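Peer 1: Structure for the following, please:
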Amino acid sequence: MLKHVLRIFRSDFWSWVPAMVVIGLVTMLIGACMNQFVWTNSDGFVTAATDAGLDPAAFGIVSVTIYVLVAVLSFFALTVVGSATVERTRNTFAQWRLAGASPRQIRVSLWSLVGLASVAGALPGSLLSIGLSVAAIPLFNQMAAVSFPGGTGGFEPPAFHPSALAWAASFSLGVVTCMLGALLPSRRAAGVEPVEAVRGLVTRRRRGVWARWVLGGLLLAVAFTLAFAGALAPAHPEVGVEATGMVNAAIQAGLFAAGGVYVLGAELAPAVLALARTLLRPFRSAAVGVLATRSARANVDTNANMIAPLAAAIGLAGVIFSVVQSYQVTMREAGFPQSSSNYSDTVVMTALFGFVCLLTSVAVITLSGRDAVREQALLRTAGMTPRQVFALTGWQSFLLALCAAVFALVPLGIAGILLMSRSNLLVGHPVLNVPWIGLTLAVLACWGTVFIVQWVQIASWVRRENALSLRRA
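Peer 2: Residues are numbered from 1 along each chain as shown. Just a heads-up that it's a prediction; the model follows:
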C-alpha cells in the first residue's frame, strides 16, 4: 500500500507543492515563536534581565498577541490542508475499495499520504525557522522595550542559540495539526461503498454532521454570550479599564465566532448558494451562473475547505481593524485622545494572516485540479463552448468569494454588537468604525486570485480534445 501511496504523491507532485508551502510557512512561524519562548525563559536570559532591573515576564507578555495569531493561523491553515488532501484523493481510494481494499487499508493509506505531505512541508519549514528566529527575535526585544518606561537600559541579553527543543516542537506541531485536519475526512473516505467508484461521483456520508453542528453551535453560542453579556454588564468607573475590556471582549467574541463559522462552513455554504441561485434564476443571461451554483453545491466539501480560510482571514481582519479604530474614536470622544495611531504592527500581522489563508485556499484549488479538468471536459462534451467555460469559472470563483464575504460578516457583526454597546456606556452613543472599503477590496482580491488559479488549471485543456482531458483526469 505504501508503494502505491508514494506513486500517487509522485504522479502529480506539483499539485501538492502549494499545500507543502503552506505547511512549511506555518511551521516556520511556529518555530520562531518557540525559539523566542525558550530563549526568554532560559536561565541566562532571566538572570540578565533581573540584573538589569527588568521584569523577564514582560519580554514574553509582549509576544502573546503574536503567539495567539500564529496558533489561530496554524489551526485554520493546517487543518484545512489536511482535510483537502483527503478530498483530493477520495475518488482514487473509492476505486481501491472497488478493487478489494478494506476500510482499514484506506485509512492507513490516507494517513500515510497526509503524513508524507505534511512531513515534506514541515521539515524544511522547521529548518527555515532557525534563520527566521535569528532575524526576528531582536525585533521581539525592541517591541518589549516599549513596555518599559525607561527602555531596556543596560540590558545585555545572552547570545541567542536556536533550541533543538523548539525545532522538534515546531516540526511535531506542524505535522500533528495537519494530520488532525485529516482525521474525520479520512474516516468518511474509508467508509465509501465500492459501487461509488462505478457511479463516478462519491456520495458524501453526513454521519458527522451532528458533531459539526454541536461544536459550531457551541462556539457561536459562546460568541453571542460574550456579546450580549458585554451589552448588559455595567460600565467600569475607570475609562481605561473599561475600554481595554471592550477591546479584549470584542476580539474574543470575534475569534469564537470565526471558529464557529469555520466548523459549520460545509453546512452553511449550500444555504448561501441556494439563495444565490434563487436570485439568479429569473435572469436568462445568468444561466451559466445558475449552473455554477449547482456545481459549487455538488462539490461543497472541497469548496468549504476553500472558503473557510478566506472567511477567517477577512472576518478576523475586519474584527481587528474595527476594534482598533473604534477604540481610537471612543477614547478620543471620552477625552483621552491617543498620542499615536500607528497601526503598522497590526497591518503586518493581519497581512501575514491573510496571505497564509489565501495561500491555503490556492493549495486547496490546486489539489482539486484533476476534478476541474474532468468537469470542463464533460461540460464541453455536453455542448458548452470555451467562452462559456471561462464564464462558468468566473461565476464559480465569484460565488466562493461571496460565501467567504457572508461568513466573514458573522464574527464582524458579533464583535460590532459588543463594541457598540460598550462604547455607548463610555461616550453616550454607539461607536463602530468598520473599514468597509478595505474589506471590499479584500473580497475582490480573493475573487480575482481564486479565478486566476482556477482558470490557469484548465486553460491549457479547454481547447484540446475532450478525450485528452478525460484521460488525464
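
Peer 1: What is the least confident helix or strand in the chain?
Peer 2: helix 195-199 (a mean of 60; mean pLDDT, DSSP states H and E).

Peer 1: chain center to the helix or strand following that one, what's the gap?
Peer 2: Per DSSP states H and E, helix 195-199 leads on to helix 209-232 as the next helix or strand towards the C-terminus. Per C-alpha atoms, centre = their mean, to the nearest Å, the displacement of helix 209-232 from the mean C-alpha position of its chain is 20 Å.

Peer 1: Could you tell me the angle between the following helix or strand past helix 209-232 and helix 209-232?
Peer 2: As assigned by DSSP H and E, the chain's next helix or strand after helix 209-232 is helix 239-263. Orientation check (axes from the mean of the first three to the mean of the last three C-alpha atoms, to 10 degrees): helix 239-263 against helix 209-232 gives 160 degrees.

Peer 1: Which elements pack onto helix 239-263?
Peer 2: Judged by 3 or more C-beta pairs under 8 Å, 6 or more residues apart in numbering; DSSP states H and E, helix 239-263 is in contact with helix 209-232, helix 300-333, helix 386-427. In this view, the C-beta of every residue, glycine as well, is placed from N, C-alpha and C.

Peer 1: which of the residues in it are buried?
Peer 2: For helix 239-263, the neighbour count (16 or more other C-beta atoms under 10 Å) marks 239, 242-243, 246-247, 249-263 as buried.

Peer 1: Then stretch 31-43?
Peer 2: So stretch 31-43, judged by 16+ other C-beta under 10 Å, has buried residues 31-40, 42.

Peer 1: pull the CA atoms of it into CSV?
Peer 2: C-alpha atoms of stretch 31-43 as CSV (Å, rounded to 0.1, in the frame of the first residue of the first chain):
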residue,chain,number,x,y,z
GLY,A,31,9.4,27.6,15.1
ALA,A,32,10.2,31.3,15.5
CYS,A,33,7.7,31.6,18.3
MET,A,34,9.0,28.5,20.0
ASN,A,35,12.6,29.7,19.8
GLN,A,36,11.7,33.1,21.3
PHE,A,37,9.7,31.5,24.1
VAL,A,38,12.5,29.1,25.0
TRP,A,39,15.2,31.8,24.8
THR,A,40,13.3,34.3,27.0
ASN,A,41,12.7,31.6,29.6
SER,A,42,16.2,30.4,29.7
ASP,A,43,18.3,30.8,33.0
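
Peer 1: For residue 111, pull up the helix or strand it's in.
Peer 2: helix 103-145.

Peer 1: In terms of secondary structure, what does that helix contact?
Peer 2: Packed next to helix 103-145, using 3+ C-beta pairs under 8 Å, 6+ apart, are helix 2-11, helix 13-40, helix 56-61, helix 64-88, helix 90-98, helix 164-181, helix 183-190.

Peer 1: how about residue 426, what does it touch?
Peer 2: Residue 426 is in contact with 235, 239, 242-243, 246, 330, 333-334, counting by C-beta atoms under 8 Å, 6 or more residues apart in numbering.

Peer 1: Now tabulate those residues in JSON lines and tack on distance to residue 372 and pLDDT.
Peer 2: Below are these laid out as JSON lines (distance: C-beta to C-beta, whole Å; pLDDT from 0 to 100):
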{"residue": "235", "distance to residue 372": "54", "pLDDT": "73"}
{"residue": "239", "distance to residue 372": "55", "pLDDT": "74"}
{"residue": "242", "distance to residue 372": "52", "pLDDT": "77"}
{"residue": "243", "distance to residue 372": "49", "pLDDT": "81"}
{"residue": "246", "distance to residue 372": "46", "pLDDT": "85"}
{"residue": "330", "distance to residue 372": "48", "pLDDT": "86"}
{"residue": "333", "distance to residue 372": "52", "pLDDT": "84"}
{"residue": "334", "distance to residue 372": "54", "pLDDT": "80"}
